[in-house]
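*Asks:* Coordinates for the following, if possible.
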Amino acid sequence: MYHGHPMAEVGTLQDAALKRKERLKNLKNQQNVKGPDDHEDGDTESKKEKLPKPIFRSYRPQDESLKEGVLPEAKPVDASDKIQSHLEASKSEQLLDEVDLVNLAPRKPDWDLKRDVAKKLEKLERKTQRAIAELIPCFSLLGIYSII
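*Replies:* Got it, this is the predicted structure:
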């Protein structure tokens, strides 16, 4: 695509590049203000002090300086009251003495198709019975008594 004079395009590209460089300088300056370089010796000592101390739940350290971070052993909570209430609640429910064999037995692969078509078949059966009822008087007038 050619839009105007080629020198004008070069000028706009250079302007965009200069703006981009300015933004990058600003970002670097902002990062330097927020977090100064970590290469100084005084900062390494302050970083060591800022490190979190380890907490040991199941590990028992051998070093004396690390024994400060050992948590005391947790005592298990007494859940016998909750268990008793659940047992009593389950006893009050009626248990089924008989097992429903229809629900336990595996169904045939096409059981859902039969279930879905059953309503339509009932309608067709009713229409068939009505049609037969209408045809019987016609056959009796014609003298045909046996329908095969």
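*Asks:* separation between the residue most central in space within the chain and A118?
*Replies:* Among the residues of the chain, the one closest to the centroid is D112, at 28.8 Å (C-alpha atoms, centre = their mean). According to C-beta to C-beta, to the nearest Å, D112 and A118 sit 11 Å apart. Just so you know, the C-beta spots here come from the backbone N, C-alpha and C atoms, and that holds for glycine as well.
*Asks:* Now the element after the helix or strand of the chain with the lowest mean pLDDT, going C-ward?
*Replies:* Scoring the helices and strands of the chain by mean pLDDT, DSSP states H and E places helix 41-50 at the bottom, with a mean of 60. Using DSSP states H and E, the helix or strand that directly follows helix 41-50 along the chain is helix 80-92.
*Asks:* Tell me where the model's unsure across the chain.
*Replies:* 1-8, 35-48, 92-102, 144-148 (pLDDT under 70).
*Asks:* How is it partitioned into domains?
*Replies:* What automatic domain parsing lists as the domains of the chain is 1-31, 114-148.
*Asks:* Centre of the chain to the first one, how far?
*Replies:* When distances are taken as C-alpha atoms, centre = their mean, to the nearest Å, domain 1-31 is centred 46 Å away from the chain's centroid.
*Asks:* do the longest one as well
*Replies:* How far domain 114-148 lies from its chain's middle: 54 Å, per C-alpha atoms, centre = their mean.
*Asks:* in that domain, what's buried?
*Replies:* Within domain 114-148, no residue is scored as buried using 16 or more other C-beta atoms under 10 Å.
*Asks:* Pull the number of nearby residues for V70.
*Replies:* 15 (other C-beta atoms under 10 Å).
*Asks:* Let me see the contact set for it.
*Replies:* 56, 60-61 (C-beta atoms under 8 Å, 6 or more residues apart in numbering).
*Asks:* ditto for K53
*Replies:* Each residue near K53 by C-beta under 8 Å, 6+ apart is listed here: 68-69.
*Asks:* how far away is it from E73?
*Replies:* In terms of C-beta to C-beta, K53 sits 19 Å off from E73.
*Asks:* possible to save the domains of the chain as TSV with distance to K82?
*Replies:* Formatted as TSV, these follow (distance: least, C-beta to C-beta, whole Å):
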stretch	distance to K82
domain 1-31	55
domain 114-148	43
